[in-house]
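**Student:** what follows is a protein structure lacking sequence information:
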């Protein structure tokens, strides 16, 4: 079924202990779309300025990303973000944000997108995320991302959005903040009780946890011997997750767990190079091989009948 | 095959955000032995003072723990440790340590223990750990624990010990310290190159990683909705791991991975109550059920032939 992503398209300037890039192609919608496009075509909704180069548009289209929903505001500048990572790569500091064309942007779904069966709402104001859902026909499977800013400044709107979601992805610190709980299992279960069918808590190099009505599932991350740039890893994770679901068509718990595993493996590619270059280095064979390695890593034997004594 | 543990027997005074106990039965050898005894009988080597009550001896013996190697120093006091945990339960502060009878203690294996095929060297001075190996006949499977204190103050002796080990368990901070690496995969691989066949890095609530000659395996922890007291979790983990191996008899990579999973599940019981009460609440049926839950949580489907596109 068709998959649409609504999110940011950005120029990212990123500094890590290993290097630096300026004005690299980025943004939640871009990272998500390139990751999901490994599984299925993707429809993108976003906005860029007149400074957005044709080569980036060509790159996206070459990866089966439909740009009918990308608004080009010729007299504006594209959204810019810059940040720095430190030694442990789990900490990052935002150095500057230029909203530019993203300021007061109201996403509009082209008529051709309204039948999408899978919707990913990239991080953004909950009220804007809700307005996207008003434009979709039928009852799609909806996954949304959020962040501490909205939990703190748009709490009511976020809480109102939660029952309209099938899934919410957020990181562990955001889960503690949204739930006001200090134990992650309790945090996840509390957020689940606020509406979504699934809550996915991302823990970076420590993997993720899925909360569902009957329990919780912890999965590790793919072990990586070097992390070049984690920017976009969360959106690549969501892209692999939703790309798998949209291609697979089923959204039961078993499918969702497998989708999180595909997302985990997809995100591991993202971290291996700056910007979108990590995901662009992934091909179906490489992705399949890494998934199989991940699956095999987690395969345990049934306990022998006599075990334990 | 027979399993022997050499380590501390202690009175622990523990304070957590949820409560407090004083002079509770603890110590690495005790936590290990009670956990491993769920799988196989255990031989214990350690020392206590004249203040060690008969009821603790009876408890250990009732759990198939052989105390032929426990020295009772009638004119001494048992080792005492006190510590406090804070809100996130991953941080703990040692409030006081009284070595007492553990000061200058040289473990001696009774003649009846020398044929042990599996040896766990609980945390202690590497030179003392090495002296235990000199007392064992044949070539047992040896797992050792260590800590930051020995990495810093007995580095040479620890490095000398590593090639004599089949496995080393340590936590992530200790792995960074011992390897002088900042990435956990690189840290684990470097420690592996220092001698052991397996390195297991414990990450508390984030699970563990196994490093072996052909790669690395990340496993999550069992998700717990409340952690009462993590004291002894690492030794219970090692106890489940070695208990499984000793009962299973095989020490290849597949068995070792399953052993780490059994250790993970065993440790989850430890965290659920103060001191040894968590492990004492585990029975074979409960342990089997939790292992099966853990195994099933980690079971992923093989990728469909058409996935990804």
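**Tutor:** Yep, it's here. Quantities reported herein were computed from a predicted structural model and do not represent experimental measurements.
**Student:** and the residue of the stretch 51-200 of chain A nearest chain B?
**Tutor:** Nearest to chain B, among the residues of the stretch 51-200 of chain A, is residue A:185, at 4.2 Å (CB to the nearest CB). Placement of C-beta: from N, CA and C, glycine included.
**Student:** I'd guess that residue is in a strand, am I close?
**Tutor:** No - judged by DSSP: H, G, I helix; E, B strand; the rest coil, residue A:185 forms no part of a strand; its state is helix.
**Student:** residues from the stretch 51-200 of chain A in reach of chain B?
**Tutor:** A:87, A:88, A:182, A:183, A:184, A:185, A:186, A:189 (CB under 8 Å from any CB of the partner chain).
**Student:** how about the contacts made by the fourth one?
**Tutor:** The contact partners of residue A:183, taken as CB atoms under 8 Å, 6 or more residues apart in numbering or on different chains, are B:224, B:225, B:226, B:227.
**Student:** from the residues you listed, which would you call buried?
**Tutor:** Neighbour-count burial (16 or more other CB atoms under 10 Å in any protein chain shown) applied to these gives B:224, B:227.
**Student:** quick one: contacts for the residue nearest in space to the middle of chain A?
**Tutor:** Chain A has residue A:235 as the residue nearest its centroid, 2.6 Å off, counting by CA atoms, centre = their mean. Contact partners of residue A:235, counting by CB under 8 Å, 6+ apart, are A:7, A:28, A:29, A:30, A:31, A:32, A:35, A:122, A:145.
**Student:** what bits of the stretch 201-309 of chain A have low per-residue confidence?
**Tutor:** A:305-306 (pLDDT under 70).
**Student:** all the helices of it, in order from the start?
**Tutor:** For the stretch 201-309 of chain A, the helices defined by DSSP state H, counting those that start in this stretch cover A:233-248, A:253-270, A:277-280, A:284-297.
**Student:** with adjacent residues omitted, what lies nearest to residue A:23?
**Tutor:** residue A:11 (4.2 Å; CB to CB, 6 or more residues apart in numbering or on different chains).
**Student:** swap that for residue A:10, please
**Tutor:** In space, residue A:10 is closest to residue A:27, 3.4 Å off (CB to CB, 6+ apart).
**Student:** these two touch, right, the one you found and residue A:9?
**Tutor:** Yes - using CB atoms under 8 Å, residue A:27 makes contact with residue A:9 at a distance of 4.3 Å.
**Student:** rewinding a little: leaving out chain neighbours, which residue sits closest to the residue of the stretch 51-200 of chain A closest to chain B?
**Tutor:** residue B:225 (4.2 Å).
**Student:** and for residue A:242?
**Tutor:** Using CB to CB, 6+ apart, the nearest residue to residue A:242 is residue A:120, at 5.1 Å.
**Student:** tell me the phi and psi of the one you found?
**Tutor:** Dihedral pair for residue A:120: phi -110, psi 120, per degrees, to the nearest 10.
**Student:** so what's the residue count around it?
**Tutor:** Applying other CB atoms under 10 Å in any protein chain shown, we find 31 residues neighbouring residue A:120.
**Student:** let me see the contact set for it.
**Tutor:** Contacts of residue A:120 by CB under 8 Å, 6+ apart are A:3-7, A:32, A:36, A:142-145, A:238-239, A:242.
**Student:** can you check residue A:167 too?
**Tutor:** Residue A:167 touches A:141, A:142, A:143, A:144, A:196, A:197, A:198, A:199, A:200, A:256, counting by CB under 8 Å, 6+ apart.
**Student:** what is the neighbour count of residue A:45?
**Tutor:** 27.
**Student:** and it, what are its bridge partners?
**Tutor:** Counting by DSSP bridges, residue A:45 is bridged to residue A:6, residue A:69.
**Student:** got the contact list for it?
**Tutor:** A:4, A:5, A:6, A:7, A:29, A:69, A:70, A:107, A:108, A:109, A:113, A:132.
**Student:** show me where chain A has strands.
**Tutor:** Remark: strands assigned in chain A by DSSP state E are A:3-6, A:10-16, A:19-26, A:42-49, A:65-73, A:79-85, A:92-98, A:118-121, A:141-145, A:167-171, A:198-202, A:208-212, A:215-219.
**Student:** packing partners for the first one?
**Tutor:** Yep, that's strand A:3-6 we're talking about. Under the contact definition 3 or more CB pairs under 8 Å, 6 or more residues apart in numbering or on different chains; DSSP states H and E, strand A:3-6 sits against helix A:28-36, strand A:42-49, strand A:118-121, helix A:233-248.
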